[in-house]
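Engineer: predicted model and sequence below, questions to follow.
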Amino acid sequence: SAVISQKPSRDICQRGTSLTIQCQVDSQVTMMFWYRQQPGQSLTLIATANQGSEATYESGFVIDKFPISRPNLTFSTLTVSNMSPEDSSIYLCSGGTASYGYTFGSGTRLTVV
Amino acid sequence: DQQVKQNSPSLSVQEGRISILNCDYTNSMFDYFLWYKKYPAEGPTFLISISSIKDKNEDGRFTVFLNKSAKHLSLHIVPSQPGDSAVYFCAASAWGAGGTSYGKLTFGQGTILTVHP
């Protein structure tokens, strides 16, 4: 199964600023996804990162707030824009194939102050 | 609308005994189910999966059972070990639906498993 490196592992950011999270996969994968885990809650899908085209966002998430890039089959970024304290969460990227169980990165713990 | 539910926030078992984690779902389109384990400060780790065409899948100490008519699945860990202590998430996918549903996972809220030595 794929191995995913995600960075940064954590950050404390000022409100109104933006943070870009990077995910690098050690092999080419068709599917990559971005999730959010708010404190005490489950993982919620933000969007599917599509290679070479615009990401597909889930209800409640918009491109202006969470722009995503996926320039190739091994790399993707998620930007959390114009941050507020409500954006404090763990952000996770995921990729691979369902038959081997999608692999997750180690997560980015974001605190907005 | 919580389409995947894990109604037990926590479970405590003795080392060597069986751990049974439960999960219910409401969406009839779900046809592929996965269990993940998550330690603090780490991403979820895939454990085991099951397709809706099966009712049981086994991998070492882990067995997943699926009851489609009840829309219920369970994860059995036998024997339980202290290293199994973690948060367990079940997840579901509408794999056969294709299109924009392809590959997306819907997660339950998680169950904290504590295995006591």
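Structural biologist: Good, I have the coordinates. Owing to the predicted nature of the structure, the values given are computational and were not obtained by experimental measurement.

Engineer: what about the chain, any weak spots by pLDDT?
Structural biologist: No chain specified, so I'll use chain A. Residue ranges of chain A with pLDDT under 70: A:98-99.

Engineer: actually it's chain B I care about, not the one you picked
Structural biologist: Flagging of chain B using pLDDT under 70 yields the residue ranges B:96-102.

Engineer: so which residues on it come close to chain A?
Structural biologist: Counting by C-beta under 8 Å from any C-beta of the partner chain, chain B comes close to chain A at B:32, B:34, B:36, B:41-49, B:89, B:91, B:93, B:95, B:100, B:102-110. For glycine as for every other residue, the C-beta is placed from the backbone atoms N, C-alpha and C.

Engineer: so which of those belong to strands?
Structural biologist: If you go by DSSP state E, the residues of chain B next to chain A have B:32, B:34, B:36, B:45-49, B:89, B:91, B:93, B:106-107 in strands.

Engineer: any idea how far stretch A:28-44 is from the chain center?
Structural biologist: 6 Å (C-alpha atoms, centre = their mean, to the nearest Å).

Engineer: ignore the last one, stretch A:15-26
Structural biologist: Taking C-alpha atoms, centre = their mean, the mean C-alpha location of stretch A:15-26 is offset from the chain mean by 7 Å.

Engineer: what residues of it count as buried?
Structural biologist: For stretch A:15-26, a neighbour-count test (16 or more other C-beta atoms under 10 Å in any protein chain shown) marks A:19, A:21-23, A:25 as buried.

Engineer: and of the residues you listed, the nearest to A:Val80?
Structural biologist: A:Val80 has its nearest neighbour among those in A:Leu19, at 5.1 Å by C-beta to C-beta.

Engineer: surely the closest one meets A:Cys13?
Structural biologist: Yes: between A:Leu19 and A:Cys13 there is a contact under C-beta atoms under 8 Å: 5.4 Å.
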